[in-house]
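> have a look at this prediction, sequence included:
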2 protein chains.
Amino acid sequence: MNAESSDLDRSAAAPLYLQIVESLRREILGHDLPPGAALPSESDLQQRFGVSRSVVRQAIARLAEDGLVHRHQGRPSIVAPQPEHRRLVQRATGMFDQFARTGRRLSTRIDAIEHDVPPPEAQAYLRTRDTLRLERLRSIDGEPLSYVRTWLPRARVPDLTAAELTDASLHKLLSTKFGLRAVSGRRQVRAVAADERLAVALEVPSGAPLLLLEGETGDQHGNPLEWFTTWHRADKVVFDIDVTEGAELLSLDPAGARPAEEPPAGDEIARARDLVAELGRLLG
Amino acid sequence: MNAESSDLDRSAAAPLYLQIVESLRREILGHDLPPGAALPSESDLQQRFGVSRSVVRQAIARLAEDGLVHRHQGRPSIVAPQPEHRRLVQRATGMFDQFARTGRRLSTRIDAIEHDVPPPEAQAYLRTRDTLRLERLRSIDGEPLSYVRTWLPRARVPDLTAAELTDASLHKLLSTKFGLRAVSGRRQVRAVAADERLAVALEVPSGAPLLLLEGETGDQHGNPLEWFTTWHRADKVVFDIDVTEGAELLSLDPAGARPAEEPPAGDEIARARDLVAELGRLLG
């Protein structure tokens, strides 16, 4: 990764300094240049891009203006931390509740609530073709954060209305109105490029990276409750994941964090299973 | 999201059918059109893009050729599932071991192993500026999967060589050579656009979405072991996450999956803590 090369298009309409800004912006947002790291020196940048010092300075001034770096007299500029919203994806808890706990309020616009046939994967999980498709745009401080498409088995959520979902938590509503608690499930996380429809909804350029969370949620009885796809603006949302011995333990997979040469003995596994069961009874 | 619009650039050099291919490819890879979903009908696509039936057919033929859809005589084409590699990000276990378990072997090329000063976040976690920077490219079947930058405290890993890391598991080596087991930590997941250096290393177009996993790993004694940033090709890698009551329990956060109105009683929490501690002793 040390190979540096000038990648400027000297025939392009965009001024050279803006091309340098774009190149460094990607390195900063992509954490190739992480928060707190020093930008390469002015002379390194001059050499890398094959431009004059004044062009480099113009580029750095623009990065500082955009909040991507902090300038320091006589020293290299420093990559600024980016404002981000964090989401715990190991929790069944929805985004609304997680943000409410931080004192931020999400607003939710309902774009669709329609009787529709779900895609095969959702159908297989929900065990029905008779579903409600819910499309929601979530924003914070007036800025779009995520677009959510949720499939719900119609029989389990009769009379769900757009009005009661506007600026509200779906999970909370499922709990208070239907006694259904979102407790478990599986999630997949992907990075994707925004297609045109998502780009318009989320107010990003077409092709901008989005953080995709997709999965299923079951209720407290182990029955399928929802299947959803959520596209998050990648410049605003980060997923947090805790990796703990505890999480490993609960999978009771001896091939987990421990090296293969020292698996737990059979009776230890049995005892661990009992403990997990008791934990489940206590807090489940 | 039902607003459709023609977005073709009729003055562009690319033929119209290729612009349609690109537009639909994004919808497919971004799961706006998920695997198993039907493509819009030929006449819907004609209307949406304002083109003739033959241009629509040319576009669908290309999508089929690229493995993105399956064609069916007289019926709409169906979005094909994409070949993907899955990674469990809740586990401290590295990518190498996870793939070994599926029978696939990762190859690892060492691009750098150098004495270097880590970025502030890594420094704060590792509690030292005296670190080794390790840069690795991981591939499967000759195709790049991920680029990993790891910071290791030098004092804990004396005499680590590129040779012993080539096509090997760093975590396994840490365990066998230094008795250090990677057991816990925190991870952040982001979607980013590939900068030029990562695009070259991972053989994707500049700006392509990448799935970024960043975080810290502690050893069995709770000491900092590594700080890493891994960029994954978004078209190849999916992260799997299990959301379970169990995972909730272990956080012992009464504000977790349970509705706020029924937090567990204090003595239940205390008992749960004891159980978790015993579990830790048993399997830790």
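Right, received. Where do you want to start?
> burial count for A:R86?
Using other C-beta atoms under 10 Å in any protein chain shown, A:R86 is surrounded by 13 other residues. Backbone N, C-alpha and C define where each C-beta goes, glycine included.
> was I right about it contacting A:V238?
Yes - contact status for A:R86 versus A:V238: in contact at 5.2 Å, counting by C-beta atoms under 8 Å.
> between these two, which contacts overlap?
With contacts taken as C-beta atoms under 8 Å, 6 or more residues apart in numbering or on different chains, the residues that reach both A:R86 and A:V238 are B:Q188.
> need the helices for the stretch 101-250 of chain A, in chain order.
A:120-126, A:162-165, A:170-178, A:196-202, A:245-251 (DSSP state H, counting those that start in this stretch).
> any chance of these in a markdown table, plus distance to chain B?
Supplementary listing: these in a markdown table, determined by distance: least, C-beta to the nearest C-beta, whole Å:
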| stretch | distance to chain B |
| --- | --- |
| helix A:120-126 | 3 |
| helix A:162-165 | 15 |
| helix A:170-178 | 5 |
| helix A:196-202 | 5 |
| helix A:245-251 | 4 |
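> what sits closest to A:T166 if chain neighbours are left out?
For A:T166, ignoring the flanking residues on the chain, the nearest one in space by C-beta to C-beta, 6 or more residues apart in numbering or on different chains is A:I110 at 5.6 Å.
> list the contacts of that neighbour.
Applying C-beta under 8 Å, 6+ apart to A:I110 gives the contacts A:134-136, A:162, A:165-166.
> quick one: closest of the helices of the stretch 101-250 of chain A to B:R71.
Closest of the helices of the stretch 101-250 of chain A to B:R71 is helix A:120-126, at 17.2 Å (criterion: C-beta to C-beta).
> break chain A down into its structural domains.
What automatic domain parsing lists as the domains of chain A is A:16-79, A:85-240, A:245-283.
> for those domains, give me JSON lines that also has distance to B:V192.
Putting the domains of chain A into JSON lines (distance: least, C-beta to C-beta, whole Å) gives the following:
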{"stretch": "domain A:16-79", "distance to B:V192": "4"}
{"stretch": "domain A:85-240", "distance to B:V192": "6"}
{"stretch": "domain A:245-283", "distance to B:V192": "26"}
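> doesn't A:T93 make contact with A:L170?
No - A:L170 lies out of contact with A:T93 (C-beta under 8 Å); the separation is 11.4 Å.
> now tabulate the contacts of A:I110 in TSV and tack on pLDDT and distance to B:D97.
TSV is the format used below for the contacts of A:I110 (pLDDT from 0 to 100; distance: C-beta to C-beta, whole Å):
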residue	pLDDT	distance to B:D97
A:L134	97	39
A:E135	97	40
A:R136	96	39
A:A162	93	47
A:L165	93	43
A:T166	92	46
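> give the buried subset of those residues as a PyMOL selection command.
Selecting the buried subset of the contacts of A:I110 in PyMOL, with 16 or more other C-beta atoms under 10 Å in any protein chain shown as the burial test, is done by:
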select buried, chain A and resi 134+135+136+165
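> biggest separation within the contacts of A:I110, which pair?
A:E135 and A:T166 (12.7 Å).
> for the stretch 151-284 of chain A, which spans come out with low pLDDT?
Along the stretch 151-284 of chain A, segments meeting pLDDT under 70 span A:244-284.
> could you pull out the strands for it?
A:184-193, A:209-218, A:224-233, A:237-243 (DSSP state E, counting those that start in this stretch).
> could those go into a markdown table alongside mean neighbour count and distance to chain B?
Converted to a markdown table, the strands of the stretch 151-284 of chain A look like this (neighbours: other C-beta atoms under 10 Å in any protein chain shown; distance: least, C-beta to the nearest C-beta, whole Å):
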| stretch | mean neighbour count | distance to chain B |
| --- | --- | --- |
| strand A:184-193 | 22 | 4 |
| strand A:209-218 | 24 | 4 |
| strand A:224-233 | 24 | 6 |
| strand A:237-243 | 20 | 4 |
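> my read: A:T230 touches A:L145, true?
No - if you go by C-beta under 8 Å, A:T230 and A:L145 don't touch, sitting 9.7 Å apart.
> overlap of the contact sets of those two?
Applying C-beta under 8 Å, 6+ apart, one finds that A:T230 and A:L145 are jointly contacted by A:M95.
> quick one: A:L152 from A:L180, how far?
Going from A:L152 to A:L180 by C-beta to C-beta, to the nearest Å gives 10 Å.
> ditto for A:P144
Per C-beta to C-beta, A:P144 is found 28 Å from A:L180.
> follow-up on the earlier one: next one, pLDDT for the residue nearest to A:T166 please.
Looking at A:I110, its pLDDT is 96.
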